[in-house]
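K.L.:
I'd like to go over a predicted model; first the sequence, then the structure.
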Amino acid sequence: MDLIDRKYRILQAIIDDYIITALPVGSRTISRKYEQKLSSATIRNEMSDLEELGYLDSPHTSAGRIPSYKAYRLYVDRMIHPMPLSEEETAFIKGCFDHRINQVEELSARIAKALSSMTHYTTAVMTRAPREEQVFSHLQLVPVSDRRLLLVIVTRSGAVRQTVIDTEKPIAPDALYTVSQIISRELEGCAMDQLPARLTRLAGGQEGEMRELLGLLAAQPPEKDGGVGSLVVGGRSNLLSFPEYADVDRAKELLSVLETREKVVSLLSHQGEMEISVRIGPETGMEETKDCSIVTASYRLNDGTVNTIGLIGPTRMQYGKVLSVLGEVGRSITELLDGQNENHEKQEEQKK
């Protein structure tokens, strides 16, 4: 249901105050700081209604209220606006990018360091290969010795991945050639992370040596991270400065997630390219991060590589500030890439 204007204002005031103080908010605080024309009794009644509607929670140790996940979702969707950055903050971000950056890893490291320093949240920057590198084109099986094969997989972009496979018995070159042809014909266009499952199904339709060989290939580890290259995480310990993580066990659980590559990749992967996404509490998809929020944004580099930036903090994150910071980072990256394109074009013209 839509909130009436007064409830809406009171809820926004509670969220704004709690983001700053991390303390339960009482009716007297709202009356004194935000709604001087309303009595404490009126505000208490509105707060009770908001609690019944699921927008507020009551900690057992306090008479004040704190925002629920539902309240933060409404806040992000309808209440906040990007917070203007100071000239110093804008200059700091721009200073992290210059035309001497030649490696994606260096760019990621600069982004992670700059954002964790500015926001005091944890920053993760993930580099994902172009989409064409995540799609199977064809493969070739090459005998290395009697019981050892070289598996060569080529993606649509032409990227080559090689793996050495040990077999229990020698396999005839003719069988290797036939299997290579069957797989290349049947599975062209398959997503790389789905290749083992597709090989298993393909093996079910074969017999004898062909079935055994296909089963052996299907047993190779899948592409779990979907073509992720580098992953840089900055400011892991920043989260320990927030009172939400004063509990040692709770802090350990969260730090364990941030130390695990597969889990960080999962946190960053629910994101469409060139968009900013805000996931709050349970929306993060992990029990360990149910009290966190993650804001992610992606951009594409000149070579087709996609970088995703994620800021991880408590649910009372300063969302307006984070959105402004990510917006400025995006503009700085665009300027950097545009400058590199101009330099490349000038160099090409000079060669002519």
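P.N.:
Received the coordinates, thanks.
K.L.:
so Thr167 touches Ser145, yeah?
P.N.:
No - using C-beta atoms under 8 Å, Thr167 makes no contact with Ser145, being 9.7 Å away. Any C-beta I mention is one placed from the backbone N, CA and C, and that applies to glycine too.
K.L.:
quick one, which of those two is more surrounded?
P.N.:
For Thr167 versus Ser145, the count of surrounding residues by other C-beta atoms under 10 Å is larger for Thr167: 15 against 9.
K.L.:
Now Leu176. Nearest residue, chain neighbours left out?
P.N.:
Spatial nearest neighbour of Leu176, excluding adjacent residues (C-beta to C-beta, 6 or more residues apart in numbering): Leu141 at 4.1 Å.
K.L.:
tell me the secondary structure for the one you found?
P.N.:
Here Leu141 is recorded as strand under DSSP: H, G, I helix; E, B strand; the rest coil.
K.L.:
Need the pLDDT of it.
P.N.:
For Leu141, the pLDDT comes out at 91.
K.L.:
And for it, the neighbour number?
P.N.:
20.
K.L.:
what sits opposite it in the beta ladder?
P.N.:
Leu151 (DSSP bridges).
K.L.:
and it, what does it touch?
P.N.:
Residues near Leu141 by C-beta atoms under 8 Å, 6 or more residues apart in numbering: 149-152, 176-177, 179-180.
K.L.:
I'd like to know which of these is nearest to Arg73.
P.N.:
Distance from Arg73 was checked for each of the contacts of Leu141 by C-beta to C-beta. The minimum falls on Leu151, at 46.5 Å.
K.L.:
Next one: the closest one relative to Pro170, how far apart?
P.N.:
To Pro170, Leu151 is 16 Å away according to C-beta to C-beta, to the nearest Å.
K.L.:
Thr42 now?
P.N.:
86 Å.
K.L.:
who has more neighbours, the two?
P.N.:
A count of neighbours by other C-beta under 10 Å puts Thr42 above the other of Thr42 and Pro170, at 16 against 12.
K.L.:
In terms of helices and strands, where is the more buried one?
P.N.:
Taking DSSP states H and E as the definition, one finds Thr42 inside helix 40-52.
K.L.:
mind listing what's buried in that helix?
P.N.:
42-44, 46-47, 49-50 (16 or more other C-beta atoms under 10 Å).
K.L.:
Could you do stretch 135-145 as well?
P.N.:
Applying 16+ other C-beta under 10 Å to stretch 135-145 flags 135-141 as buried.
K.L.:
Buried residues, stretch 282-300. List them.
P.N.:
Residues of stretch 282-300 classed as buried: 283-284, 288-289, 291-299 (neighbour count, 16+ other C-beta under 10 Å).
K.L.:
I'd guess Val125 is in a helix, am I close?
P.N.:
No - assigned with three-state DSSP, Val125 falls outside any helix and is strand.
K.L.:
what about the nearest residue to Tyr34 once chain neighbours are set aside, neighbour count?
P.N.:
Nearest residue to Tyr34 in three dimensions, chain neighbours excluded: Ala13, at 3.9 Å (C-beta to C-beta, 6+ apart). Ala13: 18 surrounding residues under other C-beta under 10 Å.
K.L.:
show me what contacts Ala13?
P.N.:
Counting by C-beta under 8 Å, 6+ apart, Ala13 has contacts 25, 30, 33-35.
K.L.:
Also Met79?
P.N.:
Met79 touches 12, 15, counting by C-beta under 8 Å, 6+ apart.
K.L.:
let's number from 54 now, not from 1
P.N.:
Shifting the count to begin at 54 puts that one at Met132.
K.L.:
Just the closest of the buried residues of stretch 188-198 to Asp130, please.
P.N.:
For the buried residues of stretch 188-198, the nearest to Asp130 is Val188 (34.7 Å; C-beta to C-beta).
K.L.:
I figured the closest one hits Met245, correct?
P.N.:
Yes - with contacts counted by C-beta under 8 Å, Val188 reaches Met245, the gap being 6.7 Å.
K.L.:
Now the common contact residues for the two.
P.N.:
Thr208.
K.L.:
Of the buried residues of stretch 335-353, which is the nearest to Asp300?
P.N.:
After measuring those against Asp300 - C-beta to C-beta - the closest member comes out as Asp344, at 10.4 Å.
K.L.:
Next, count neighbours for the closest residue to Ala272 other than its chain neighbours.
P.N.:
With sequence-adjacent residues excluded and distances taken as C-beta to C-beta, 6+ apart, Ala272 is closest to Pro249, at 7.4 Å. Pro249 has 15 neighbouring residues, counting by other C-beta under 10 Å.
K.L.:
Pro249 belongs to a helix?
P.N.:
Yes - the assignment for Pro249 is a helix, going by three-state DSSP.
K.L.:
For the strand or helix carrying Thr361, name the packing helices and strands.
P.N.:
Thr361 is located in strand 359-367, with elements delineated by DSSP H and E. Using 3 or more C-beta pairs under 8 Å, 6 or more residues apart in numbering; DSSP states H and E, the elements in contact with strand 359-367 are helix 157-172, strand 175-181, helix 314-321, strand 345-353, helix 372-404.
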